[in-house]
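Q: Here is a sequence with its predicted model. Questions after.
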Protein chains: 2
Amino acid sequence: MPLLLPSGTTLVAATHNPGKAKELVALLDGRFDILSAGALGLPEPDETESTFVGNALLKARHAAERSGKIAIADDSGLSVAALDGAPGIFSARWAGPSKDFAEAMAKVEERILETGSDDRSAWFTSALAVAWPGGPSVVVEGVVHGTLVFPGRGTRGFGYDPIFVPEGHDKTFGEMDPAQKDAISHRALAFAKLKAALFD
Amino acid sequence: MPLLLPSGTTLVAATHNPGKAKELVALLDGRFDILSAGALGLPEPDETESTFVGNALLKARHAAERSGKIAIADDSGLSVAALDGAPGIFSARWAGPSKDFAEAMAKVEERILETGSDDRSAWFTSALAVAWPGGPSVVVEGVVHGTLVFPGRGTRGFGYDPIFVPEGHDKTFGEMDPAQKDAISHRALAFAKLKAALFD
């Protein structure tokens, strides 16, 4: 019996952010009924793993075991070569409880300057995991490489998008229109891999 | 395109133990050509994750990315309720570099006595991961619950088998003949889940 996610399946999104759950519906081509873990009253697990795929897997398995339904989770962030991969899985944490990414981007610049390195290469990673309750899980990862620019440019996207210029492009993710970013982003790549693996 | 492992596929076993690689051939019904990561000269990654599935995934992905072939990895161990799940992912480490499991079992007993708890429940976990290079990974987990007995009994099996009596049985894993253990073990359960998910 191959692992497949037939259209119309009910999926629990392992997030407490209603906006993220809604966005998932669109990213999965509207094929599924998405319930958010938050709306189901499920607790949020500690993200104790040291990798994006590890944390996505942990969140999806946690939601699947507690809901008894197939669950999906993501984990993503920015890794900076000069910072040995930081902020990485701590990308959201660098923005603090107020989710202030202007502050997080300033921290990235400051830390890079402290190293004295002129390496500005960085990469965005997006990991996705789908877990069957009591059964297997599938994980995929999308990565896009690029270069950091300071000060950041553009007001689109979110998070660290304004300081990231993807390889082969001149605009930052913060300057691109959504369709352009969606064609090349780490997240789009991860979803494409997930669809290739699990859509019938 | 569903995720499947067709018969005759070449798989890299993410282990440097030739005995383990050979055992995998049998556990996978002889359907695959197994190469060991050690024989290919691949480095061993640090097992940095905090869960069995996380470490199995990390090892399989590492071997797949470096070999360019589909890779399989496992991670397993004993978790003791009175020790908050220890030794868990550190089960092999408790036996030291000389892999002395008599010492590891003595340590488990000593630590439990230190807690003053009379809870002797424990569980064995086996995680398996299969990773496609540049593509998705599939992970499964098998768990068997039971009770610890001291002193251990039986000389069969390996690791912590002599002190573990699986639920619904009187013999320890160390006393069971291999066919009996293979019918109920955490490892057998994990392989059964993997086969159900990925065999055509």
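A: Done, it's in.
Q: burial count for the residue nearest to A:Gly96 when sequence neighbours are not counted?
A: The shortest distance from A:Gly96 to any non-neighbouring residue, by C-beta to C-beta, 6 or more residues apart in numbering or on different chains, is to A:Glu103 (6.4 Å). (Each C-beta comes from the backbone N, C-alpha and C, glycine too.) Applying other C-beta atoms under 10 Å in any protein chain shown, we find 13 residues neighbouring A:Glu103.
Q: Wait, A:Glu103 touches A:Pro97, no?
A: No: when contacts are counted by C-beta atoms under 8 Å, A:Glu103 is not listed as touching A:Pro97 (11.1 Å).
Q: Do a quick rundown of the strands in chain A.
A: A:10-13, A:33-36, A:71-80, A:121-131, A:137-148, A:164-166 (DSSP state E).
Q: Including distance to A:Asn55 and mean neighbour count, could the ones you listed go into TSV?
A: Conversion of the strands of chain A to TSV gives the following (distance: least, C-beta to C-beta, whole Å; neighbours: other C-beta atoms under 10 Å in any protein chain shown):
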stretch	distance to A:Asn55	mean neighbour count
strand A:10-13	15	23
strand A:33-36	18	18
strand A:71-80	4	25
strand A:121-131	7	24
strand A:137-148	10	22
strand A:164-166	21	23
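Q: So which of these is nearest chain B?
A: strand A:137-148 (4.6 Å; C-beta to the nearest C-beta).
Q: Which secondary structure elements does the closest one sit against?
A: helix A:52-67, strand A:121-131, strand A:164-166, helix A:186-198, strand B:137-148 (3 or more C-beta pairs under 8 Å, 6 or more residues apart in numbering or on different chains; DSSP states H and E).
Q: Mean pLDDT added to these, as JSON lines?
A: What follows is the helices and strands packed on strand A:137-148, written out as JSON lines (pLDDT from 0 to 100):
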{"stretch": "helix A:52-67", "mean pLDDT": "96"}
{"stretch": "strand A:121-131", "mean pLDDT": "97"}
{"stretch": "strand A:164-166", "mean pLDDT": "98"}
{"stretch": "helix A:186-198", "mean pLDDT": "94"}
{"stretch": "strand B:137-148", "mean pLDDT": "98"}
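Q: State which one residue of chain A is found closest to chain B.
A: A:Pro2 (3.3 Å).
Q: if I pick that residue, what's in contact with it?
A: By C-beta atoms under 8 Å, 6 or more residues apart in numbering or on different chains, A:Pro2 lies in contact with B:2-4, B:197, B:200.
Q: now swap in A:Arg153 and tell me
A: A:162, A:171-172, A:174-175.
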